[in-house]
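In: A predicted structure for the sequence below; I have some questions about it.
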Amino acid sequence: MTAASRLHSNAFARIALTALPLYLTMVAASAGALVDSAMLGRRATSSLAAFAVTIAVYSPATATATGVLRGVMPFIAQSEDDPDRMVPLVRNGMWLGFTVGVLGALAVGGISVIGQAAGIPEQTLNHLGAFPLLLGISVISTSIGASATSVLVSLDHGKLVMRAGLVGTAIAVVLSVTLIGGIGPVPSLGLDGAGIAMLTSSLVTTTRMQLALRRVPVLAGAPLSPGRPDFAAMLRLARVGIPLAGTVLIKFVVLGVLTFAAARLGTQQAAVHGVSETLVNLIYTLAVAIGQATVPIVAGAVRDGDIPQTRRSVAAGAGVVVCGIGALGVLLLVFGHSIIPLLSGDTSLRQSLQDQLPLICAVVITDGLQAIAGFGMLGLKRTLPSLVSTAVIFGVLCLSAVPAADTGGLAALWTALICANLLQAGTKALLFHRISGRLTPLEPSPAL
């Protein structure tokens, strides 16, 4: 085995081992969210509707915050052996998390105003209660936790992230079951109970993340209290993270347009599209986990100016995506007849969902490949070209979604999404190749 192939093999194994606990954490969190929906749905439709309206703002807010904080990762990875440079990064990452979290909290807390502007019925908005306030605080907590997650993943401590996440999810499930419906002497709090469960889970997870930081050897004994914010340093971190967050927001918006296009085809087609999106999101989180695991390796190669290793790292990440998502796709195709009844009790939808499975697999693999190329750009600290690529290609998809659906139905809509993902993967891979070709070893620079 050549030295190059050994490096590729090591990168493949490291990425896979780091991504697995991250993926398990994300899947567990998704399962915990389903418990809230199920409990509220059994209690009152109005409460479930209010929950859905708030989550429609909460999810993009937390996704945006997480995207911004991922901009910390390449800086941390390039300072992994230098505590003097890393400590200011950790501190300013916390302040950036707090700042972004406050902005997201204002959006979630203003859901009543947003809902009125969007024409949501007063009956639904009247059931919100303290839920938006609780989730607003949760956004701040989650954002601060995301800063710690970025540090831990960059230092190859994904298992610490998993432990904190699983504890938080377990608490969320127990509190949801207890507080939403009420058990024994505990009264039924409905939507407020769901908010308390989600906020408590976020606070516990974030606390455990912050404690985990202090157990990392390179940071052991270091003063990690936030101190005074360094706005110039925060801006340097944000310049990398904000375009990544913008990419996430564009994707949210365009996928919403696709959902609208599917809804125009009729109730059954909208239902098939919705279930298909659920399956895609469940599998796609693996690509996100793999992408996060790839960033530190790319950033380390960038620090050394090692062009071949930089490219091999992204190739290894793409290989893990193809193997991991491909394996889940095969399981979905083979056992789809058993999985589909769990997602829909409507027998009339099952054959349509069965026919949709190959398209689901194609979408999630192509989406995973473009995501890895995007995370590779993050490792280069060059996320703006990635944002432009997504904006242009998904902009075209947004404009063509309704005509495609009206002309060719759901199959045409999903084929357009596959093509858009392929174009993104190719464009981002080309951008990564060109930008990485201009690498030179990084000169030591002052700590942030």
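Out: Right, received. Where do you want to start? Numbers count the residues shown, from 1 in each chain.
In: when you work out contacts or count neighbours from here on, use the C-alpha atoms and nothing else.
Out: Fine.
In: pLDDT below threshold where in the stretch 51-200 of the chain?
Out: Scanning the stretch 51-200 of the chain for pLDDT under 70 picks out 118, 184.
In: and the helix or strand hosting residue 257, what's buried?
Out: Using DSSP states H and E, residue 257 sits in helix 231-263. In terms of neighbour count (16 or more other CA atoms under 10 Å), helix 231-263 has its buried residues at 233-234, 237-251, 254-255, 257-259, 261-263.
In: for stretch 48-68, same thing?
Out: By 16+ other CA under 10 Å, the buried positions in stretch 48-68 come out as 48-51, 53-55, 57-58, 60-68.
In: please apply the same query to stretch 303-310.
Out: Applying 16+ other CA under 10 Å to stretch 303-310 flags 303-307, 309-310 as buried.
In: in helices only, show me these.
Out: With DSSP state H as the criterion, helices contain 303-304, 307, 309-310 from among those.
In: which two from the residues you listed end up farthest apart in space?
Out: 303 and 309 (11.1 Å; CA to CA).
In: wait, residue 424 touches residue 370, no?
Out: Yes - the pair residue 424 / residue 370 is scored as a contact, 5.7 Å apart, by CA atoms under 8 Å.
In: need the max-distance pair from the buried residues of stretch 303-310.
Out: Farthest pair in those (CA to CA) is 303 and 309. Separation: 11.1 Å.
In: helix or strand: which one has residue 382?
Out: Using DSSP H and E, residue 382 falls outside every helix and strand.
In: what pLDDT does the nearest residue to it once chain neighbours are set aside get?
Out: The shortest distance from residue 382 to any non-neighbouring residue, by CA to CA, 6 or more residues apart in numbering, is to residue 240 (6.7 Å). On the pLDDT scale, residue 240 is placed at 94.
In: next, format the ones in helices among the buried residues of stretch 303-310 as JSON lines and append pLDDT and distance to residue 26.
Out: Formatted as JSON lines, those follow (pLDDT from 0 to 100; distance: CA to CA, whole Å):
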{"residue": "303", "pLDDT": "88", "distance to residue 26": "30"}
{"residue": "304", "pLDDT": "85", "distance to residue 26": "32"}
{"residue": "307", "pLDDT": "89", "distance to residue 26": "32"}
{"residue": "309", "pLDDT": "91", "distance to residue 26": "29"}
{"residue": "310", "pLDDT": "92", "distance to residue 26": "27"}
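In: nearest to residue 297, of those residues?
Out: residue 310 (7.7 Å).
In: isn't the closest one up against residue 298?
Out: Yes - using CA under 8 Å, residue 310 makes contact with residue 298 at a distance of 5.1 Å.
In: all helices of the chain, in order?
Out: 3-43, 45-69, 73-77, 83-109, 111-117, 122-125, 131-154, 158-181, 190-213, 231-263, 267-304, 307-343, 347-379, 384-436.
In: dump the C-alpha coordinates for the third one into CSV.
Out: The reference is to helix 73-77. What follows is helix 73-77 as a C-alpha-only set of coordinates in CSV (Å, rounded to 0.1, in the frame of the first residue of the first chain):
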residue,chain,number,x,y,z
MET,A,73,-14.4,24.4,13.1
PRO,A,74,-11.5,25.1,10.7
PHE,A,75,-10.0,27.7,13.1
ILE,A,76,-10.1,25.2,16.0
ALA,A,77,-8.7,22.3,13.8
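In: other SSEs contacting that helix?
Out: helix 83-109, helix 131-154, helix 267-304, helix 347-379 (3 or more CA pairs under 8 Å, 6 or more residues apart in numbering; DSSP states H and E).
In: nearest to residue 315, of these?
Out: Among these, helix 347-379 comes nearest to residue 315, with 8.8 Å by CA to CA.
In: in that closest one, what's buried?
Out: Quick answer for helix 347-379 (16+ other CA under 10 Å): 349-350, 353-354, 356-357, 359-379.
In: and what of stretch 87-95?
Out: Buried residues in stretch 87-95 (16+ other CA under 10 Å): 87-95.
In: CA-only coordinates of that stretch in PDB, if you can.
Out: Presented in PDB, the C-alpha positions along stretch 87-95 are these (Å, rounded to 0.1, in the frame of the first residue of the first chain):
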ATOM      1  CA  VAL A  87      -8.700  29.500  24.200                       C
ATOM      2  CA  PRO A  88      -9.600  32.800  22.600                       C
ATOM      3  CA  LEU A  89     -11.300  30.900  19.800                       C
ATOM      4  CA  VAL A  90     -13.500  29.000  22.200                       C
ATOM      5  CA  ARG A  91     -14.400  32.200  24.100                       C
ATOM      6  CA  ASN A  92     -15.300  34.200  21.000                       C
ATOM      7  CA  GLY A  93     -17.200  31.200  19.700                       C
ATOM      8  CA  MET A  94     -19.400  31.300  22.800                       C
ATOM      9  CA  TRP A  95     -20.000  35.000  22.300                       C
END
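In: how far does that stretch sit from the chain's center?
Out: In terms of CA atoms, centre = their mean, to the nearest Å, the centre of stretch 87-95 is found 21 Å from the chain centre.
In: ok, and what's touching it?
Out: Applying CA atoms under 8 Å, 6 or more residues apart in numbering, the contact partners of stretch 87-95 are 69, 72, 75-76, 144, 147-148, 151, 219, 222-227, 229-230, 233-234, 237, 447-448.
In: now list the buried members of those residues.
Out: By 16+ other CA under 10 Å, the contacts of stretch 87-95 give 69, 72, 75-76, 144, 147-148, 151, 219, 224, 233-234, 237, 448 as buried.
In: and the gap between the residue positioned nearest the centre of the chain and residue 225?
Out: Here the mean C-alpha position of the chain is nearest to the C-alpha of residue 63 (CA atoms, centre = their mean), at a distance of 5.8 Å. When distance is defined by CA to CA, to the nearest Å, residue 63 is 25 Å away from residue 225.
In: ok, now residue 315?
Out: Residue 315 sits at a distance of 38 Å from residue 225 (criterion: CA to CA).
In: try residue 88
Out: Going from residue 88 to residue 225 by CA to CA gives 10 Å.
In: do the same with residue 362
Out: Relative to residue 225, residue 362 is positioned 46 Å away (CA to CA).
In: check residue 309 too.
Out: From residue 309 to residue 225 the distance is 35 Å (CA to CA).
In: same thing with residue 145?
Out: Here the criterion is CA to CA. By it, residue 145 lies 14 Å from residue 225.
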